[in-house]
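1. Next one to model:
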Amino acid sequence: MFESGINRVAYLEKIPTFLARKQIEVLIGSRRTGKTTLLKQFIQTLLQQSVSGKDIFYLALDHPALSGHPISEHVRNIRKLFMHDRSRKLYLFLDEVQESPNWEAELKALYDLELLKIFCSGSTSALIARQAGKLTGRQIVTTVFPLSFQEFVRFRGEPPSLSEDYKYEQMADDYLTLGGYPEQVLNPSQEYMTNLLEDILARDLARIHPIKKAHILKDLLRLVGASTGSRTSFNKLSKILGLSVDTIKEYLIYLEMAFLVKPLEKWTTSWSERVYSQKKLYLWDNGIKTLLTGYGDEESRAENAVFLELQRKNIACGYYAESDREVDFVIGSLAKPLPVEVKYLDSFDWKDKRFNGIRLFLNRFPNVENVLLITRRVEFKNAITDKTTLHAIPLWKFLWSAQNYPGMREETDHTQ
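-> You can find the predicted model right below:
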């Protein structure tokens with residue numbers, strides 16, 4: 001056996017499903033979110049299930065000695081080394097697969113012709129976009145997120161009793177500041193986060209995309225961090241940075257592909273309104289926000305954390321807005337919407353003007369059954385109309401077990 005780090009149970013629980021299907025398992029996500037560690041944990045699980053070590057092969061394709069050779073050549077060398085029959089099933093783990101030449105066609109051929117179960121990882125969603133359909137139907141994509149709050153707590157030691165809510169409140173505050181990059185959680189360091197961001201911008205963006213003014217990417221990211229969760233004006237960003245609107249949009253797409261920024265569209269049945277309305281922009285990790293904009297702004301961080309949890313659970317949502325009033329997130333259909341509002345409060349007053357957006361939404365959609373209000377420590381469940389129940393939930397409880405609340409149903413993975 002070998003050291004494979006702290007188990008990420010949410011992903012390890014999927015191994016039986018992974019092994020039961022033929023498709024290539026593709027892990028994508030930001031650099032240093034733990035994809036390599038996960039591949040090693042998958043290998044550890046196979047070994048514990050009595051799969052022979054001679055049938056399992058891990059290749060770090062960003063290593064100079066390996067990156068220049070086609071994947072099929074590596075597979076042939078593996079079979080030759082152990083004199084494996086072609087009919088013997090092997091398990092192939094390919095880390096940073098995009099570094100291998102012609103990897104898309106190589107994987108297609110291996111999938112079609114060899115008896116292999118293939119797992120691979122990559123640090124940019126360009127890994128999927130540039131395939132031009134070569135692996136359609138042959139791959140299933142799993143996004144590896146920064147640590148969830150549950151994982152964050154477990155990475156920091158034995159979880160306290162759930163009755164010790166004050167400890168969880170403090171850990172939630174720490175989570176909003178540190179974020180979920182595993183190494184940052186284990187050994188907090190501003191230098192580490194600085195190097196991580198530089199690495200992402202240089203290796204996952206400037207090296208791959210035709211960016212003429214790469215230094216502006218960090219300025220753009222800082223502006224996004226300063227207005228996390230706010231409706232974004234591309235024209236305003238264009239004027240501040242002295243770039244065209246089209247360039248701003250293009251750079252934001254690059255930041256999204258590197259798992260730094262994630263846009264949220266307006267919740268509406270009108271396709272054109274969804275496309276042309278302003279987007280809200282969120283960061284993939286609050287630790288990046290701390291690095292870019294410093295400490296404070298807890299409510300914005302809390303909203304960012306809730307958004308990431310919805311993404312982690314693969315729950316579709318949008319924001320609702322009329323003029324200056326809005327609801328942070330709306331889940332579900334027009335017939336049965338679930339509004340979710342994040343207010344990092346220690347006390348509650350329904351008449352507070354900060355709830356104008358929710359009150360407007362209930363006027364527009366009087367059949368709403370439930371409203372989720374994510375707070376700092378306020379907790380209750382009360383009827384606010386004849387048909388509507390307001391669930392006030394402390395942030396840590398929502399992040400710990402979001403699936404326990406109305407409308408929080410995880411959607412299934414899909415084959416690409």
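2. so what's the residue most central in space within the chain closest to, chain neighbours aside?
-> By Cα atoms, centre = their mean, the mean C-alpha position of the chain lies nearest to F145, the distance being 3.9 Å. In space, and not counting its chain neighbours, F145 is closest to R312: 5.0 Å by Cβ to Cβ, 6 or more residues apart in numbering. C-beta here means a position set from N, CA and C on the backbone, and glycine is covered the same way.
3. pLDDT at the one you found, what is it?
-> We have a pLDDT of 95 for R312.
4. gap between it and T375?
-> As defined by Cβ to Cβ, to the nearest Å, R312 lies at a distance of 20 Å from T375.
5. When those two are compared, which one has more neighbours?
-> Neighbours were counted for R312 and for T375 using other Cβ atoms under 10 Å; T375 has more, 22 against 18.
6. shouldn't that one be in contact with L395?
-> Yes: under the criterion of Cβ atoms under 8 Å, T375 makes contact with L395 at 6.9 Å.
7. what residues are shared contacts of the two?
-> Y344 (Cβ atoms under 8 Å, 6 or more residues apart in numbering).
8. Please put the alpha-carbon coordinates of the strand or helix carrying I43 into PDB.
-> Assigned by DSSP states H and E, I43 falls within helix 35-48. Output of helix 35-48 as PDB, limited to C-alpha atoms (Å, rounded to 0.1, in the frame of the first residue of the first chain):
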ATOM      1  CA  LYS A  35      -7.400  15.200  -8.700                       C
ATOM      2  CA  THR A  36      -4.100  13.400  -8.500                       C
ATOM      3  CA  THR A  37      -4.800  12.400  -4.900                       C
ATOM      4  CA  LEU A  38      -8.200  11.100  -5.900                       C
ATOM      5  CA  LEU A  39      -6.700   8.900  -8.700                       C
ATOM      6  CA  LYS A  40      -4.400   7.400  -6.000                       C
ATOM      7  CA  GLN A  41      -7.300   6.900  -3.700                       C
ATOM      8  CA  PHE A  42      -9.100   5.100  -6.500                       C
ATOM      9  CA  ILE A  43      -6.000   2.900  -7.000                       C
ATOM     10  CA  GLN A  44      -5.900   2.200  -3.300                       C
ATOM     11  CA  THR A  45      -9.500   1.100  -3.400                       C
ATOM     12  CA  LEU A  46      -8.800  -1.300  -6.200                       C
ATOM     13  CA  LEU A  47      -5.900  -2.800  -4.300                       C
ATOM     14  CA  GLN A  48      -8.100  -3.300  -1.300                       C
END
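9. Would you map out the domains in this structure?
-> According to automatic domain parsing, the chain comprises the domains 9-143, 160-416.
10. Which element is encountered next along the chain beyond the helix or strand bottoming out on mean pLDDT in the chain?
-> Lowest by mean pLDDT, DSSP states H and E among the helices and strands of the chain is helix 126-129, with a mean of 60. For helix 126-129, the following helix or strand on the C-terminal side (DSSP H and E) is strand 139-143.
11. After that following strand, which helix or strand is next?
-> Counting by DSSP H and E, what follows strand 139-143 is helix 149-155.
12. Now do the buried residues in stretch 264-280.
-> In terms of neighbour count (16 or more other Cβ atoms under 10 Å), stretch 264-280 has its buried residues at L264, E265, K266, W267, T268, S277, K279, K280.
13. what residues does that stretch touch?
-> Outside stretch 264-280, the residues touching it (Cβ under 8 Å, 6+ apart) are 229-233, 263, 281-282, 307, 317-321, 329-330, 334, 337.
14. Give me the pLDDT for the residue nearest to L38 when sequence neighbours are not counted.
-> The shortest distance from L38 to any non-neighbouring residue, by Cβ to Cβ, 6+ apart, is to Y11 (5.6 Å). Per-residue pLDDT puts Y11 at 96.
15. and Y11, what does it touch?
-> Shown in contact with Y11 (Cβ under 8 Å, 6+ apart): L38, Q41, T142, V144.
16. can you do 10 Å?
-> F18, L27, G34, K35, T37, L38, Q41, F42, T142, V144, F145, E151 (Cβ atoms under 10 Å, 6 or more residues apart in numbering).
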